[in-house]
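Q: Need coordinates for the below:
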Amino acid sequence: MRVAQALAALFSITFAAAAQTTPAAPVQLSAEQDHQRLMDALHITSIRRGADNDPKSAYYANYDESKANPYPDLPDPLILNSGKRVTTAEMWWTQRRPEIVEYFDREIYGRVPANTPKVRWEVISTTRETKGDIPVITKKLVGQVDNSSYPLITVDIQLTLTIPANAPGRVPIMMELAFDPAFMAALMKRLPPQPVFPGPTWEQQVLSKGWGYAVYIPTSVQADNGAGLTQGIIGLCNKGQPRQLDNWGALRAWAWGASRVLDYFETDKSVDARQVGIEGHSRYGKAALVAMAYDPRFAIAYISSSGEGGAKLSRRNFGEIVENVAGTGEYHWMAGNFIKYAGPLHWNDIPVDSHELIALCAARRVFIGAGAIHGDGWTDPRGMFLAAVAAGPVYLLLGKKDLGTSQYPPIETPLIDGEIGFRQHSWGHTPAPNWPTFLTFASRYIKAHPQP
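A: Have a look, this model is predicted:
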């Protein structure tokens, strides 16, 4: 009897220990449920509806420039929270820049955990091929994120790297944040035929300069929906639990993944890691700008049609507005705290704006692109131009050139004489027409040359 009791007690202890060490499965919430959870945490009962593109709708987006600036006064990037003016580069780096970063961390994009998992890169395949008439070597890689802290979630970062086969040394790299090829193929089957910008592809244009290029898939790091916030890198760091109000959203997670790619580039002897540029379009334009702002190792950025949450001024009423990004379809890009600026607070209550995100990139080079209003008006090209103008004083303080004008240029006019560049092309929502201008801009700073 005593033996049986002892065995029962032993099994009880063993099972209890096993229960304590087995992690709980990730919480499963729909985007609507998670959005409501955040609203409850913010003590918000409702938010304002976003704009749409139905001319018959009461919520039709504004495209009238005379109504676009209800809040014309922007936060001054060179005024400390104390009210004191920033007059030296040292004051910018040690005092004002950290204040701006804190606002973006807490209120807009969310905080990255202090200790994120390590990433181990593995080359899956190496292929010799030809792009256009240029021989290249393409490596397919996977960045395996350490999930030992929570094995129920796996994150594998998808990356391809293409280098000119005859490169005499390390080469500069332009990295694109791109949609998953399978997703794009399925999307193209559902859409009518899309116009293709004539001429060489962006990859061919990059290779013709003796540079290499990389394609990084952000959704391999974090899904592009609210239901996925307890999965991916955010879910892994939270051990499958929902976010706190100031936790990072998908834009910071995608930017984090871009930085982990840059970590790999620093180990690859074919890459000049000091000359890595980043490019993204639309939602990935937002993520590319966030990556550029937070990681000083990126040398240059092409931010295409990034709109609200990217380079567009949030205080502008033109096309997409704060309420769209704060709604259930896009809130996952941002910190939970961002939702409150769609109700009860308003755009003018946001302590920072996009010109200060651009200013965080100083004094490195940023090119901002957009298309014609008819086709790309949702992203508010003028609002992105005005943000570039308003970031200029920080560049000037740091001894660099700003955009060079505050007058909105005619369409197709390149502004690329300073460290901030801008061009609005005459096509629609596409980055392709601005690639030649961006590469002209970038070539002033990025050079292919032999290195040991």
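
Q: the helices in the protein, which residues?
A: 2-21, 31-41, 89-91, 97-103, 181-190, 202-207, 232-237, 250-265, 283-294, 322-326, 354-359, 373-376, 381-397, 435-442 (DSSP state H).

Q: Out of those helices, which is closest to residue 141?
A: helix 250-265 (7.0 Å; CB to CB). The way it works is simple: take the backbone N, C-alpha and C, and place the C-beta from them, glycine included.

Q: Give me the distance between the closest one and the centre of its chain.
A: 9 Å (CA atoms, centre = their mean, to the nearest Å).

Q: Buried residues of that helix, list them for me.
A: 250-262, 264-265 (16 or more other CB atoms under 10 Å).

Q: do stretch 80-88 as well
A: residue 86.

Q: and what of stretch 265-282?
A: Buried, per 16+ other CB under 10 Å, within stretch 265-282: 265, 268, 270-273, 275-282.

Q: show me where the stretch 201-350 of the chain has strands.
A: Assigned by DSSP state E, counting those that start in this stretch, the strands in the stretch 201-350 of the chain fall at 212-217, 271-281, 300-304.

Q: wait, what's in contact with the spatially closest residue to residue 230 that is not a sequence neighbour?
A: Leaving aside its sequence neighbours, residue 230 sits nearest to residue 26 (CB to CB, 6 or more residues apart in numbering; 4.4 Å). By CB atoms under 8 Å, 6 or more residues apart in numbering, the contact set of residue 26 is 152, 153, 230, 231, 235, 240, 241.

Q: Next one: residue 26 from residue 225, what distance?
A: Here residue 26 is placed at a distance of 14 Å from residue 225 (CB to CB, to the nearest Å).

Q: Also residue 358?
A: Applying CB to CB, the value for residue 358 to residue 225 is 27 Å.

Q: Using JSON lines, lay out the strands of the stretch 201-350 of the chain together with mean pLDDT and distance to residue 288.
A: Formatted as JSON lines, the strands of the stretch 201-350 of the chain follow (pLDDT from 0 to 100; distance: least, CB to CB, whole Å):
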{"stretch": "strand 212-217", "mean pLDDT": "98", "distance to residue 288": "10"}
{"stretch": "strand 271-281", "mean pLDDT": "98", "distance to residue 288": "3"}
{"stretch": "strand 300-304", "mean pLDDT": "98", "distance to residue 288": "6"}
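
Q: Closest to residue 143 out of the buried residues of stretch 265-282?
A: residue 265 (11.5 Å).

Q: Double-check that closest one against residue 273; I have them as touching.
A: Yes. Between residue 265 and residue 273 there is a contact at 4.5 Å, judged by CB atoms under 8 Å.

Q: which ones are touching the residue minimising distance to the centre of the chain?
A: In the chain, the centroid-proximal residue (CA atoms, centre = their mean) is residue 287; its distance is 0.6 Å. Shown here is residue 287, whose contacts under the criterion CB under 8 Å, 6+ apart are 177, 218, 250, 251, 254, 255, 258, 280.

Q: try residue 70
A: 315, 317, 347, 348.

Q: Residue 226 contacts residue 331, doesn't it?
A: Yes. Residue 226 is within contact range of residue 331, at 6.2 Å (criterion: CB under 8 Å).

Q: Overlap in contacts, these two.
A: The contact sets of residue 226 and residue 331 overlap at 31, 35 (CB under 8 Å, 6+ apart).

Q: Could you tell me the end-to-end distance of stretch 52-66?
A: 19 Å (CA to CA, to the nearest Å).

Q: which other residues reach it?
A: With CB under 8 Å, 6+ apart, stretch 52-66 has contacts from 49-51, 68, 317-321, 373, 377-378, 382.

Q: and what of stretch 74-86?
A: By CB under 8 Å, 6+ apart, stretch 74-86 touches 91-92, 95-96, 99-100, 313, 315, 351-353, 355-356, 359, 390-391, 393-394, 397.

Q: Which among the residues you listed count as buried?
A: For these, a burial check counting by 16+ other CB under 10 Å picks out 91-92, 96, 99-100, 313, 315, 351-353, 355-356, 359, 390-391, 393-394, 397.

Q: and the spatially closest residue to residue 220 that is not a sequence neighbour, what pLDDT?
A: Nearest non-adjacent residue to residue 220, counting by CB to CB, 6+ apart: residue 158, 4.1 Å away. Note on residue 158: pLDDT of 98.

Q: same question, residue 1
A: The model's pLDDT for residue 1 equals 47.

Q: ok, back up a step: turn the helices of the chain into a markdown table, columns for distance to residue 301.
A: Listed next are the helices of the chain as a markdown table, based on distance: least, CB to CB, whole Å:
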| stretch | distance to residue 301 |
| --- | --- |
| helix 2-21 | 44 |
| helix 31-41 | 29 |
| helix 89-91 | 21 |
| helix 97-103 | 17 |
| helix 181-190 | 22 |
| helix 202-207 | 14 |
| helix 232-237 | 22 |
| helix 250-265 | 10 |
| helix 283-294 | 4 |
| helix 322-326 | 20 |
| helix 354-359 | 10 |
| helix 373-376 | 19 |
| helix 381-397 | 12 |
| helix 435-442 | 9 |
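
Q: what's the closest of those helices to residue 164?
A: helix 202-207 (5.9 Å).

Q: Point out the other helices and strands that that closest one packs with.
A: In terms of contacts (3 or more CB pairs under 8 Å, 6 or more residues apart in numbering; DSSP states H and E), helix 202-207 is packed against strand 119-131, strand 134-145, strand 156-164, strand 171-177, strand 212-217, helix 435-442.

Q: Out of those, flag the one nearest residue 73.
A: When those are compared for distance to residue 73 using CB to CB, the nearest one is helix 435-442, at 30.3 Å.

Q: Surely residue 403 touches residue 420?
A: Yes. Judged on CB under 8 Å, residue 403 makes contact with residue 420 at a distance of 4.8 Å.

Q: Tell me which of those two has more neighbours.
A: residue 420 (29 against 23; other CB atoms under 10 Å).

Q: one step back: residue 242 versus the residue nearest to residue 230, what's the distance?
A: Per CB to CB, residue 26 is found 10 Å from residue 242.

Q: now swap in residue 372 and tell me
A: 41 Å.

Q: give me the low-pLDDT residue ranges for the stretch 1-150 of the chain?
A: 1-20 (pLDDT under 70).
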